[in-house]
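Enquirer: structure, please.
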Amino acid sequence: MRRVLAALLLVPVTISIGACGRAGKQVEQLASIAAEGALMAGDVARGRTKTTFVRVHGAELSAQAEHEAEKLNDDPVAPSLKASIEVAITLASDIGGALDELRVSPQDRPQAREDQVKLQRWALKATGVAETL
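Expert: Presented below is the predicted three-dimensional model:
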């Protein structure tokens, strides 16, 4: 009976540890999305990409960022990690917003330069958040 009770007590701990590992991977994915978006923004700023590519690929990246935010919001995490998760969800929203700006105005080179800088900064920040999870 004690073994069963001990096993039942370990299940929430195991789930929590597993969720934290998933959260770290999800935030790493956000960093990757932001970095890829920054590359695309750089190409837009230099006039080296097609409008259709920016709109289609930007939509895919934005949707991925939103999906990662949804997963981060839905997964159970330890209370001590809640603040980091909230930062990551905000980052996902910011990343998606910058990608959407690119999609709406793929000929706006000055805006693309600004988006490139923001996306690079958010990629670094997401990497830092992932390391805390």
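Enquirer: for this protein, what spans make up the helices?
Expert: Assigned by DSSP state H, the chain shows helices spanning 2-45, 51-74, 82-104, 109-132.
Enquirer: looking at these, which is buried most?
Expert: helix 82-104 (a mean of 20; mean count of other C-beta atoms under 10 Å). For the C-beta atoms, the positions are set from N, CA and C on the backbone; glycine is no exception.
Enquirer: show me what that one is packed up against.
Expert: Helix 82-104 sits against helix 2-45, helix 51-74, helix 109-132, with contacts defined as 3 or more C-beta pairs under 8 Å, 6 or more residues apart in numbering; DSSP states H and E.
Enquirer: do you know how far Leu39 is from Ala23?
Expert: Remark: distance between Leu39 and Ala23 (C-beta to C-beta, to the nearest Å) = 25 Å.
Enquirer: now tabulate the helices of the chain in CSV and tack on mean pLDDT.
Expert: What follows is those, written out as CSV (pLDDT from 0 to 100):
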stretch, mean pLDDT
helix 2-45, 75
helix 51-74, 98
helix 82-104, 97
helix 109-132, 98
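Enquirer: quick revisit: quick one: which of the helices and strands packed on helix 82-104 is nearest Ala92?
Expert: helix 51-74 (3.6 Å; C-beta to C-beta).
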